[in-house]
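Trainee: Any chance you can model this:
(chains A, B and C)
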Amino acid sequence: MKYVIIGNSTAATYAIEGIRSRDAKGKITVISDERHAAYGRPLISYYLYGRTDLAHIAYRSPEFYEKNGVEVLLGERAEKIDAENKKVLLASGKKVPYDRLLVATGSRPFVPPVEGLDSVKEFFNFMTLDDALALEKALSPEKDVLIVGAGLIGLKCMEGIADRVKSVTVIDLADRILPSILDEGGAAFVQRKLEERGIRFILGDSAAKFEENAAYTKSGKKIPFDLLVIAVGVRPNTELVKEAGGEVARGIVTDDGQRTSLKDVYAAGDNCESFDIASGTRRILALLPNAALQGECAGVNMAGGDAHFTNAVPMNAIGFFGSHIATAGVYEGECYEEAAHDHYKKLFFRDNVLKGYILIDCIERAGIYTSLVRNRTPLSDVDVGLLEKSPALMAFSEAARRDKLARRQ
Amino acid sequence: MKRIYVKEKWCLGCHLCEYECAYANSGIADMVKALKGKNICPRIKVEDGDGVHFAVNCRHCTDPICVKSCIAGALSREGDGMVSLDRDKCVGCYTCVMVCPYGAIMPAEDGKAAQKCMLCTDNQMNGEPNCVKHCPNGAIVFEDRG
Amino acid sequence: MNGTLFIYPDYEVVRDYDKCIACRVCERQCANEVHSYDPDLKKMFADNTKCVNCHRCVCLCPTHALKIVKSDNTYKINANWDNQTINEVYRQAGTGGVLLSSMGNPKPYPVYWDKMLVNASQVTNPSIDPLREPMETAVYLGKKNAGIERDENGRLKDTLPPQLKLSVPVMFSAMSYGSISYNAHESLARAAEELGIYYNTGEGGLHKDFYKYGKNTIVQVASGRFGVFKDYLETAAAIEIKMGQGAKPGIGGHLPGSKITDAVSTTRMIPKGVDAISPAPHHDIYSIEDLRQLVYSLKEATDYKKPVIVKIAAVHNCAAIASGIARSGADIIAVDGFRGGTGAAPTRIRDNVGIPIELALASIDTRLREEGIRDNVSIVAAGSIRSSTDLLKAIALGADACYIGTAALLSLGCHLCRSCHQGKCNWGIATQRPELVKRLNPEIGYRRLVRLVTAWKHELQEMMGGMGINSVEALRGNRLMLRGIGLTDRELSVLGIRHAGE
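Mentor: Predicted structure coming up:
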């Protein structure tokens, strides 16, 4: 059996482990247009922040590929899937035949077509380790930085470089920071903390035009900068599957075993959709844990197993300068709220389940909340009053607790 | 593998396990020197309710969601089944804190990494869990239940 | 001034602040609320007036920062009016009540065990190595028939009355469910089962969960008749009629309503929350003849299959009483000396009524031998058997076996604070409060009991071997193995032993 994986990040790594859990022998080939062994992609900001280094950024041990019998083609770009003949065509002209193919191509930064962007010399994306290494070279304590995008990527980049440059300004079209994971109150809480640390925000506005060292906003402000980072969003890399005739909506469409509509072609990670049980919709959940679970599921199924990935929920753990945020699910329903100076907390209850939560600087044991969201645990089975105060196993019945602590559940 | 199990029926809520854990992981040979004047940050936490107490630490899940969620590859399931955290790789994103259904992984004292029970294999106790050893009522046991 | 006078506490909690890490374990573990934490000063404090000196905090303090010391606060020294005597007057002047105490008599009366020395073999008789040669510690309690009967074919008839077989001549004394906790009972029951000995329900009935230990259970029938019914008698290995208790001869018992929880109420078959009164006498026993009626009633009820024990406190004329009991049909006499423990007793009675077990045992054994009825009964000695040497000396004085109560409780964690009557035992023994009861994990408790008795057994074997004796049966009543030290002629004569050097 020949397994081929396009992409070499989280989903690919877990797919390798998934395949090897059932098939010790089949040949596995990984194709990646990056030059690095798999690394924790979100770690690039921590690298700039000084929390990790190139020696520790690898996602798996150096022996991982060899131990798992994986041939890795680094710096090779997959151009096309020939689904009929079961081959992947590479930019280098090589053809890689497969019996089972995983498309784990992730996503790429979206760069909006803004006037004058090509005149900016020091302009960076923030997606790959190479992006981070290039950005690092350009950092200096004299430079003012403008980051376009106050989402997860933009703000993690901000944290990574804030102490290494003169100033950081973040601009976003949305009226609040982290709009994908925070409500207004939470965003204001985090924004206040970041502003206390000297970060400048321009919200509800966007860069309409660039010059070499300045941006002009829609509202007419001029923002001078030395260095520009664009982090307005990502686009899933769906083209390979789409061009091969596979079904693609916002992302690649798969069943709950990560099979695409193409025979023997699977997809996992940020390029494909999953069914979000919190919102009840199919959507791209571009989250590392999600990619891991999808990748593993795909790997097991590629090797003839029968795995299903059915409990995807959106969730995010993110932090800035020692302040920590955890969020999960959807923010719908009856809300329990704590808004204090030192922490912010919202729990959303509906239909007898915990639908979602926002925790800022009170993330201890947040996983207990996450498990309630993910398992759709009926609230009638738990002590909600206790849970509102803090996540605790005490909120479960004695029998449920006993099962949990004895690892029977 | 041998894991730590807690028996709610016999937990007195004395919290000794928390202090013994903090001591074991302090790297300091003397308990007084290790803990005096400190706010401890143990890897085991006792929950106290109305007449009910129990300690919670890592369950060393067979299919650990923390491992799959770790953005740094710092968490892994070792050959013997122990879920292990490589502090040098951990960047302190706390995704593991967000996903652990037992609330058994927590920020480390310095706030720069996560921490979890490693069954005292990574400290001066040489694999003899100190919470188990010092529980006065046999409420924490180290057993192989498969 | 009509209220209470401040009385300086007898004991003080001493905290080594260099060692205290303010973990607050002492605070959480003290049911008397002695310890408290001051968050402003970040320091632990202790209220000595509440301390009963149970050592729970001392034992659990992870840095050993705590100790309890005798206070050196004192009134003007007076050999007649000592501090305690004065304080007792103050207390009674304040309360108008009877002073209550628990556990055994703490007064400095002579301990005769410590004035008797044990013999060993030299030259003319060989000692025995118990690791190489058999050393029998099993004993059988019950009537031993002197007569031999044969059937028409000349074969021996088995007319042996029921016996209790003990692997070691030790049993756990009567301690009722109510006075001690469920977990204490479970520990005793499981230990008795594992050791091949017996524990005793006391007068509190038998919890339904413990019927499964019936083979190792002695059930008590006392003056309150709590929990006595058909199943109770039938499940037991033996039945004990409690006539008296060493700690409080002549008086009954009083379990306060606060200890009569649901389970205690069900087990005792009495209303919940109402004081349980055991009358001083059995209202149907005013003579040996009356006692005989109860003995035979119980035998009749259990088809003559179980030995009946009659337990009395060691009092002045106990030898004559024992003679009567030996003729009443009872199989075993248990004698409880004045240092025996209790869950609650009036202090004056505990400290002044009754006589030492050593003297009572010797005189009873002597009397029954003289009357030729020693084999009518077995004798069980009780009332502060503290070690294997006390046990050995008791057997040499004439006991078939001993009851241990206080030693058993000590092995469960009791620190002899003598506050059982307050119901807040920090060790989970003498309490019914669930949060305290759970502090005694029977899994741990029963193992400690087993280890204690096993250790005593080893020591007993060692000492018997040294004497050249290879079975407990051969040691029983063998007073030549004892010599007195520092005793008067009168004491030696009551004990029936010679003085050292003789």
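
Trainee: Number of residues surrounding the nearest residue to residue C:242 once chain neighbours are set aside?
Mentor: Nearest residue to residue C:242, sequence neighbours excluded (Cβ to Cβ, 6 or more residues apart in numbering or on different chains): residue C:222, at 4.0 Å. Using the backbone N, CA and C atoms, a C-beta is placed for each residue, glycine as well. By other Cβ atoms under 10 Å in any protein chain shown, 26 other residues sit near residue C:222.

Trainee: now swap in residue C:368 and tell me
Mentor: So residue C:368, with other Cβ under 10 Å, has 22 neighbours.

Trainee: domains of chain A?
Mentor: Following automatic domain parsing, one gets these domains for chain A: A:2-107+A:235-302, A:117-232, A:322-405.

Trainee: again, but for chain C
Mentor: For chain C, automatic domain parsing gives the domain ranges C:11-97, C:117-499.

Trainee: for the first one, how far is the first residue from the last?
Mentor: If I follow you right, that is domain C:11-97. Domain C:11-97 has an end-to-end distance of 23 Å (Cα to Cα, to the nearest Å).

Trainee: Over to stretch C:206-221?
Mentor: One end of stretch C:206-221 sits 11 Å from the other (Cα to Cα).

Trainee: pLDDT score for the closest residue to chain C within the stretch 251-400 of chain A?
Mentor: In the stretch 251-400 of chain A, the residue that lies nearest chain C is residue A:398 (14.1 Å; Cβ to the nearest Cβ). In this model, residue A:398 is scored at 92, pLDDT.

Trainee: next one: residue C:276
Mentor: So, for residue C:276, pLDDT stands at 88.

Trainee: Surely it touches residue C:270?
Mentor: Yes: counting by Cβ atoms under 8 Å, residue C:270 is a contact partner of residue C:276 at 5.6 Å.

Trainee: on that earlier part again, relative to chain B, which of the domains of chain A is closest?
Mentor: domain A:322-405 (2.9 Å).

Trainee: Now do the SS call for residue 241.
Mentor: Went with chain A since none was named. For residue A:241, the secondary-structure state derived from DSSP: H, G, I helix; E, B strand; the rest coil is helix.

Trainee: actually chain C
Mentor: Reduced to three states by three-state DSSP, residue C:241 is strand.

Trainee: In this structure it contacts residue C:308, no?
Mentor: Yes: in this structure, residue C:241 is within contact of residue C:308 by Cβ under 8 Å, at 6.7 Å.

Trainee: quick one: residue C:292 is in a strand?
Mentor: No: using three-state DSSP, the assignment for residue C:292 is helix, not a strand.

Trainee: show me what contacts it?
Mentor: Residues near residue C:292 by Cβ atoms under 8 Å, 6 or more residues apart in numbering or on different chains: C:327-329.

Trainee: Neighbours of residue 324, how many?
Mentor: Picking chain A for this. 23.

Trainee: wrong one, I was asking about chain C
Mentor: 16.

Trainee: Regarding it, which helix or strand does it belong to?
Mentor: Take DSSP states H and E as the rule and residue C:324 turns out to sit in helix C:318-326.

Trainee: what is the mean pLDDT for that helix?
Mentor: Taken as a whole, helix C:318-326 carries a mean pLDDT of 98.

Trainee: Can I get that helix in CSV, CA atoms only?
Mentor: The C-alpha coordinates for helix C:318-326 follow below in CSV (Å, rounded to 0.1, in the frame of the first residue of the first chain):
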residue,chain,number,x,y,z
CYS,C,318,-14.7,-11.2,92.4
ALA,C,319,-13.3,-14.6,93.3
ALA,C,320,-16.5,-15.7,95.0
ILE,C,321,-18.5,-14.2,92.2
ALA,C,322,-16.5,-16.1,89.7
SER,C,323,-17.1,-19.3,91.6
GLY,C,324,-20.8,-18.6,91.3
ILE,C,325,-20.5,-17.9,87.6
ALA,C,326,-18.5,-21.1,87.1
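
Trainee: Tell me which residues are up against it.
Mentor: Residues contacting helix C:318-326 (Cβ under 8 Å, 6+ apart): C:288, C:291, C:310, C:312, C:315, C:333, C:335, C:355, C:360, C:363-364, C:366-368, C:371, C:373-374, C:376-377, C:379.

Trainee: Can you flag which of those residues belong to strands?
Mentor: Among these, the members found in strands (DSSP state E) are C:310, C:312, C:333, C:335, C:379.

Trainee: and the fourth one, bridged to which residues?
Mentor: Per DSSP bridges, residues listed as beta-bridge partners of residue C:335: residue C:312, residue C:381.

Trainee: Would you check that it makes contact with residue C:361?
Mentor: Yes: counting by Cβ under 8 Å, residue C:335 touches residue C:361, with 6.1 Å between them.

Trainee: contacting residues for residue C:42?
Mentor: Here residue C:42 is in contact with B:37, C:22 (Cβ under 8 Å, 6+ apart).

Trainee: Any chance of the backbone angles for the residue nearest the centre of chain B?
Mentor: The centroid of chain B falls nearest to residue B:117 when counting by Cα atoms, centre = their mean (2.7 Å). According to degrees, to the nearest 10, the main-chain angles of residue B:117 amount to phi -70, psi 130.

Trainee: The one 5 residues further on too?
Mentor: Its backbone dihedrals place residue B:122 at phi -110, psi 20, with angles given as degrees, to the nearest 10.

Trainee: before we move on, what about residue B:93?
Mentor: Main-chain torsions, residue B:93, degrees, to the nearest 10: phi -80, psi -20.

Trainee: What of residue B:27?
Mentor: phi 80, psi 10.

Trainee: what about it, how many neighbours?
Mentor: Neighbours of residue B:27 (other Cβ under 10 Å): 9.

Trainee: my read: it touches residue B:109, true?
Mentor: No: contact between residue B:27 and residue B:109 fails when scored by Cβ under 8 Å: they sit 11.8 Å apart.

Trainee: Quick check: closest non-adjacent residue to whichever residue of chain B sits closest to chain A.
Mentor: Relative to chain A, the nearest point of chain B is residue B:103 (2.9 Å; Cβ to the nearest Cβ). For residue B:103, ignoring the flanking residues on the chain, the nearest one in space by Cβ to Cβ, 6+ apart is residue A:365 at 2.9 Å.

Trainee: Next, count neighbours for residue A:383.
Mentor: Residue A:383 has 15 nearby residues by other Cβ under 10 Å.

Trainee: Excluding residues flanking it in the chain, which one is nearest it?
Mentor: Counting by Cβ to Cβ, 6+ apart, the residue nearest residue A:383 is residue A:395, at 4.3 Å.

Trainee: ok, now residue A:189?
Mentor: Nearest one to residue A:189, counting by Cβ to Cβ, 6+ apart, is residue A:344 at 4.5 Å.

Trainee: Of the contacts of residue C:292, which is the most crowded?
Mentor: When neighbours are counted by other Cβ under 10 Å, residue C:328 leads the contacts of residue C:292 with 23 neighbours.

Trainee: pLDDT score assigned to the closest residue to it other than its chain neighbours?
Mentor: Once flanking residues are discounted, residue C:328 sits nearest to residue C:292: 4.2 Å by Cβ to Cβ, 6+ apart. Each residue has a pLDDT score; the one for residue C:292 is 98.

Trainee: Residue C:292 and residue C:228, how far apart?
Mentor: Plainly put, residue C:292 is 18 Å away from residue C:228 if you go by Cβ to Cβ, to the nearest Å.

Trainee: Equivalent analysis for residue C:397, please.
Mentor: 33 Å.
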